[in-house]
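K.L.:
Give me coordinates for this.
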Amino acid sequence: MANNNLAFTWADTIAGYVVGFDAGTRAVELETSDKRRFTVELDETTVGELLRNLGEPYADASGHLDGLLVPGRYIIVYGIFYPTSDGDPRYVAKHVQLFGRGPGDYSFEDPGWWTRQIDQLAMFYRRSQFGNGPVDYREYRTELHLGGSKTDSHVQETDTISRMVYGMASAYMLTGKDEYLEVAEKGTDYLRDHMRFVDRDNDVVYWYHGVKVTGATEQKLLSSDFSDDYDTIPMYEQIYALAGPIQTFRVTGDRRVISDTEATLRLFEKFFRDHEQGGYFSHLDPILLSPHHESLGYNASRKNWNSVGDHAPAYLVNLYLATGDERHADMLERTFDTITEHFPDYEYSPFVNERFFRDWSHDLEHSWQQNRAVVGHNLKIAWNLMRMHALRPKKAYVELAEHIGRIMPDVGSDRQRGGWYDVVERVLRPGEQTYRFAWHDRKAWWQQEQAILAYLILAGEQGDAEFLRHARESASFYNAFFLDHDEGGVYFNVLANGLPYLLGTERLKGSHSMSMYHSVELCYLAAVYYNLLITKQPLPLWFKPLPSADRTLRVAPDLLPYGRIRLEEVEIDGKPYEVFDPHALTIELPDSSERLTVRALIVPAD
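P.N.:
Numbering: from 1, shown residues only. Okay, here's the model as predicted:
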C-alpha cells in the first residue's frame, strides 16, 4: 500500500560511495558514510561536474558520467525524490559532484589546492576593503555584502580587523605575495594606533571593542557592542585581538608586537585568570576590571570554552612557534590540562560541556546556550589537543582527541548529505534518536573547518583510515558548497542540502562573526597537514623579517610531532642559504640593514 505521507516530491542531497552502476538503466547504487544504500537514477538532464577551486572555470563532466561512476568513488548528488504507487520513492539525480578523475582521487589533496584557494580569498578581501587603490584602514568596514561591497555601517571592530590581518599574513606565508603582507602590516599598525589602550597604572594592554568612525572623528568603544557581551570586556575579543598581529610577527619579527602581546598576557593573568580554581573568566566589568561585578549579569564569575580554550588556536600556538618561549608552552599545557579535566561530560552527553560557574560546576541555563552543544567546539578541542600532544605528549590529550573523533560523526554530522551541524541539544529527548537542533539544521563555514582540521591531524598523526575518510568527506562537502564561484570568498552558512543560505547577517561576507580568519586558517593548516602528514609533499613557506628582528627565525609551520618534518632548503633574497638547522626548523639570519625575503622549504622527514 502506498504511504500517503510521502505522496509529494522533494529535492535533497545524498553523499556517498559508488557501490555499483547499471549501464542499461543508468542506476547508481550509492552507500552513505553510515552504510545506508540508495539507488540513484540518472536521466537525460543529469549534470556532472568536476570539483573546482576558487578562481577556476566550471568543468563539465556530464557526457562522461557513465564511465566515471565506478565503485569506490565518493560523490555528492543533488536530486529529486518522486513518490511511486508502491510507496518507495524514486530518486533522480539532477547534479552529480565529482571530486577527482578516479576513485580515491580528491582534487583538494593536490599539493597546491589550498595555496590557490588562500590566494583567491586574500584577493577578495583586499579588493573588498581597499579596492585597487592604496591600503587605507580608515576605509575598512566590519560588514561586507555578499559580493564584497561595503555596508553603511562604519563601526570598525578590532577582532574583525585582526582576523583579516591573520588571513593576510597567512596568505603571504603560503604565496610569498608582498601585497598581502602589506595589508597585514598596515593592519597591525592600525590596531596599535587606534584599538590599543595602554593602562600604565596596571601595566597592561587591552584592546577596544572597536571604533565608530564619523568623518574624521573616532569614537572609541571600550566595551563590547555585541548583544551576547554588551557593555563588558569579553575574553574572546581580547584573545582574537592578538591573532592577526602574532601571525604577522611570525613573518616579520616586529618587536613591537611582542611588547603589546606581553602586556596583554599580563591583562589575562592579572584580571581574567582564576588563580585559585583554574581557567580564565569569560568577561570583565569595563570600569573595575572585575570578573565578578554584578553589572556583568549572567556573565559574572563564569568560564567557557572561548575564555579557556581559544587562546591556543587564536594566538598562543603561533606565539610559541614564533618565539620558542617555554612560558608559552607552559600556558598551553595548563590550558589543555584544564580542558581534559573539566570539559568531558560523557556519562551525561556525547558532547563536552562548555559553560561553567567559577567552581567548574556546569552552567546549563546560560543565555542562548542553555544545555546545548556547539558541534564545532568539540571538533576544535580534538584538533588542538593533537597539536598540544605533539608539543608535550600526554596520554590524556590523545585519548580525549580520539574519543571525540570517534563519537562525533554519529551525533554532530549529517551522514546522508555530508557536512557538520551547528548547535544541538546535548541530551536526547525521550524516544528520539537524533539530537535536536537548537534553531535550524544549517551548516556554518567555520564548523566545517574545525572538522577538516581535526580529522586531518588525527589521520596524519595516528595513521587511521577512518579519520582520513572523515577528513575527506568533510573537505568534500566544504569545497563543493561553501566556495562562492560567482562573487568570491566563502558562504557563511548553507542549508542542510548544501545550497547557500543568504538571509540576514548570514548573507554577509564580513560581519561581527565573519571576517577572513576561519576560511584562511583552514587553507593554511590544510596545506600543512595534507602536504606534510597525508600526501607527503614539500611545502614552501615565506617570511620577511625586519632588520631589527631576532636573528633566529623559527619556521615550523605548526605543532607537529618531533621528527615528522624537516627544513630541507632555504633561500634568502632568491639565493641559496645554508645556515639553518633542519631538525629544529630554525634559520640563523645574517645581519642586514634591509629586510630579507626568506623562502623555507619544509618536507616530510620520510
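K.L.:
Over to the residue nearest to Phe481 when sequence neighbours are not counted: give its phi and psi.
P.N.:
Nearest in space to Phe481, with sequence neighbours left out and distances taken as Cβ to Cβ, 6 or more residues apart in numbering, is Gly498 at 3.8 Å. Every residue, glycine included, has its C-beta placed from N, CA and C. Main-chain torsions, Gly498, degrees, to the nearest 10: phi 100, psi -10.
K.L.:
so where do the strands sit in the stretch 51-200 of the chain?
P.N.:
Secondary structure of the stretch 51-200 of the chain, counting by DSSP state E, counting those that start in this stretch: strands at 59-60, 74-82, 90-98, 155-157, 196-199.
K.L.:
Which residues does the last one contact?
P.N.:
I take that to be strand 196-199. For strand 196-199, contacts defined as Cβ atoms under 8 Å, 6 or more residues apart in numbering pick out Val205, Tyr206, Trp207, Tyr208, Leu222, Asp260, Ala263, Leu267.
K.L.:
tell me the contacts of Met168?
P.N.:
Ala122, Tyr125, Arg126, Tyr180, Leu181, Val183, Ala184, Gly187, Gly244, Met516.
K.L.:
what does the average pLDDT come to for stretch 140-158?
P.N.:
With pLDDT averaged residue by residue, stretch 140-158 scores 92.
K.L.:
Restrict it to CA atoms and write it as PDB.
P.N.:
The C-alpha coordinates for stretch 140-158 follow below in PDB (Å, rounded to 0.1, in the frame of the first residue of the first chain):
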ATOM      1  CA  TYR A 140      37.900  49.400   6.500                       C
ATOM      2  CA  ARG A 141      34.300  48.100   7.200                       C
ATOM      3  CA  THR A 142      33.300  45.300   9.500                       C
ATOM      4  CA  GLU A 143      30.300  44.500   7.400                       C
ATOM      5  CA  LEU A 144      30.600  43.400   3.800                       C
ATOM      6  CA  HIS A 145      27.800  42.400   1.400                       C
ATOM      7  CA  LEU A 146      27.700  39.100  -0.400                       C
ATOM      8  CA  GLY A 147      29.800  40.500  -3.300                       C
ATOM      9  CA  GLY A 148      32.200  42.300  -1.100                       C
ATOM     10  CA  SER A 149      30.700  45.800  -1.300                       C
ATOM     11  CA  LYS A 150      30.500  47.800   1.900                       C
ATOM     12  CA  THR A 151      27.500  48.400   4.100                       C
ATOM     13  CA  ASP A 152      26.600  51.800   5.500                       C
ATOM     14  CA  SER A 153      27.800  50.700   9.000                       C
ATOM     15  CA  HIS A 154      31.100  52.300   9.900                       C
ATOM     16  CA  VAL A 155      31.900  50.600  13.200                       C
ATOM     17  CA  GLN A 156      35.400  49.100  12.900                       C
ATOM     18  CA  GLU A 157      35.600  46.100  15.200                       C
ATOM     19  CA  THR A 158      39.000  45.200  16.500                       C
END
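K.L.:
Centre of the chain to that stretch, how far?
P.N.:
The chain centre lies 21 Å from the centre of stretch 140-158; the measure is Cα atoms, centre = their mean, to the nearest Å.
K.L.:
Ser107 is in contact with Gly100, correct?
P.N.:
Yes - assessed by Cβ atoms under 8 Å, Gly100 is found in contact with Ser107 at 5.3 Å.
K.L.:
For those two, list the residues in contact with both.
P.N.:
Joint contacts of Gly100 and Ser107 (Cβ under 8 Å, 6+ apart) are Leu50, Leu51.
K.L.:
how close does Asp178 sit to Thr252?
P.N.:
Distance, Asp178 to Thr252, by Cβ to Cβ, to the nearest Å: 12 Å.
K.L.:
buried sites along stretch 59-78?
P.N.:
Ala61, Leu65, Leu68, Leu69, Arg73, Tyr74, Ile75, Ile76, Val77, Tyr78 (16 or more other Cβ atoms under 10 Å).
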